[in-house]
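1. sequence-free structure coming up:
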């Protein structure tokens, strides 16, 4: 199982917000996640909210690869 850290879209039409999740790389975007690591709401200031830094670093140490969008979020929030 190759785990990835990526975004799961939630919200309604034209009012999106995303959860940052750990999921198997072969599963779809809205499938059941292994673990939820926080959320991202681009409509609010600041856009980052409730990121679980310890769990994010734990999953990265276990070999989970963040997607490019999630890597950008982590860099902006100061985790990586």
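-> Perfect, thanks for sending it. Predicted model only: the values in this text are computed from it and were never measured.
2. Can you tell me the element the closest residue to residue 66 other than its chain neighbours falls in?
-> Excluding its sequence neighbours, the residue lying closest to residue 66 (C-beta to C-beta, 6 or more residues apart in numbering) is residue 5, at 4.3 Å. C-betas here are computed from N, CA, C, even on glycine. Following DSSP states H and E, one finds residue 5 within strand 3-12.
3. Just confirm the residue nearest to residue 66 contacts residue 63, I think it does.
-> No: using C-beta atoms under 8 Å, residue 5 is not in contact with residue 63; the gap is 10.8 Å.
4. higher neighbour count, these two?
-> residue 5 (22 against 8; other C-beta atoms under 10 Å).
5. Give the bridge partners for the more buried one, please.
-> Applying DSSP bridges to residue 5 gives these bridge partners: residue 22, residue 66.
6. Now do the contacts for the residue positioned nearest the centre of the chain.
-> By C-alpha atoms, centre = their mean, the chain has its centre lying nearest to residue 20, at 2.0 Å. Residue 20 makes contact with 5-8, 36-40, 51, 56, 70, 73, according to C-beta atoms under 8 Å, 6 or more residues apart in numbering.
7. and the residues you listed, which are buried?
-> By neighbour count, with 16 or more other C-beta atoms under 10 Å, those hold 5-8, 37-40, 51, 56, 70, 73 as buried.
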